[in-house]
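Asks: Requesting a structural model of the entry that follows:
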Amino acid sequence: MIKKTICGFVMPAVIAGVLAALAFGNAEAAFSTDVVGKAAVTSFSEMLGALEFQPASDEEMGAWVLTDPDGNAAFWWRKSSNGMRDYDVFLCFDAEPFVNAGLDAEKLPDEMKGMLDGRGKIMVGRKLSGEELKYDGDITPLSSFEQIVKLDREAVGYHAALDHYGVTVADGSLFEWAKDMSKNDKDIVFVVDPKILIDSGVDPSKVEGWVYTKVPLEDSRGRRFEAEKFLRPFDLK
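Replies: Model (predicted):
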């Protein structure tokens, strides 16, 4: 009976653990040769250093929260494997400017509706790979972001037109930051895809506090195109 238990249950668990370790090791190796990923971490560190207020730690959610200088939008990202249930990264922003511009909140998907601190919020986010987060040292906003680069590389990219790095939180929605803040007047930018909001009644020309504009982009083949976005940019320096 004991041998059956060991062979039937313990060994598969050991094998799973070995495979998980190998997967993490492969992520480490890939990160060491990833020029864009490493530069994203470096520039993210510089961006954090320029913030007036450092990201807050939400222990209940197991996440870091970077709030914009006006306090109306925030970027959340996971700090533990047992944290946020619905999303691992997301943007959360005040609904009021969109409601004032015609938003019918009942038309929004349920996952976009949120109430945080008793205030009406709109949320856009995504789950990441589900890989276990493993830290060598202290758990900080930077080391948690580095985990995203290592384990969910496809979520982090470079936007050449604006010279920004960014984390894609949902299709067409991102949190971006400048590669070089000394050469850029948009040090951080909250980017929201407008389609669902417009389909829910929003007149984009009437949304206060956000810029509605066409943004130059590139597809996976390097072909350039433009897409409408809601932008909330800030100059930190």
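Asks: Going by C-alpha atoms from here, please, whenever you check contacts or count neighbours.
Replies: OK.
Asks: Which residues are in contact with residue 156?
Replies: Shown in contact with residue 156 (C-alpha atoms under 8 Å, 6 or more residues apart in numbering): 37, 40, 148, 149, 165, 166, 167, 168.
Asks: residues in contact with residue 230?
Replies: With C-alpha under 8 Å, 6+ apart, residue 230 has these contacts: 191, 192, 193, 194, 210, 211, 212, 213.
Asks: Residue 228 now?
Replies: 193, 194, 212, 213, 214, 215.
Asks: how close does the last one get to residue 159?
Replies: Remark: distance between residue 215 and residue 159 (C-alpha to C-alpha, to the nearest Å) = 10 Å.
Asks: Which parts of the helix or strand containing residue 121 count as buried, going by neighbours?
Replies: Taking DSSP states H and E as the criterion, residue 121 maps to strand 119-126. Buried positions in strand 119-126, judged by neighbour count with 16 or more other C-alpha atoms under 10 Å: 121, 122, 123, 124, 125, 126.
Asks: isn't the second one right next to residue 109, touching?
Replies: So the one you mean is residue 122. No. Contact criterion C-alpha atoms under 8 Å: residue 122 and residue 109 do not qualify, at 10.1 Å.
Asks: Could you grab the helix/strand/coil label for residue 82?
Replies: Judged by DSSP: H, G, I helix; E, B strand; the rest coil, the three-state class of residue 82 is coil.
Asks: Quickly note the distance from it to residue 62.
Replies: Using C-alpha to C-alpha, which is the criterion applied here, residue 82 is 7 Å from residue 62.
Asks: what do you get for residue 143?
Replies: From residue 143 to residue 62 the distance is 14 Å (C-alpha to C-alpha).
Asks: Only the buried residues of stretch 217-225, if you could.
Replies: Quick answer for stretch 217-225: no buried residues (16+ other C-alpha under 10 Å).
Asks: Report the distance from it to the chain centre.
Replies: 21 Å (C-alpha atoms, centre = their mean, to the nearest Å).
Asks: so how far does that stretch reach from one end to the other?
Replies: Using C-alpha to C-alpha, the two ends of stretch 217-225 sit 5 Å apart.
Asks: in its sheet, what does the longest strand along the chain sit against?
Replies: Criterion DSSP state E: the longest strand present in the chain is strand 224-234. Paired neighbours of strand 224-234 in the sheet (DSSP bridges): strand 188-192 (antiparallel), strand 211-218 (antiparallel).
Asks: low-scoring pLDDT stretches of this protein, where are they?
Replies: 1-33, 83, 115-119, 220 (pLDDT under 70).
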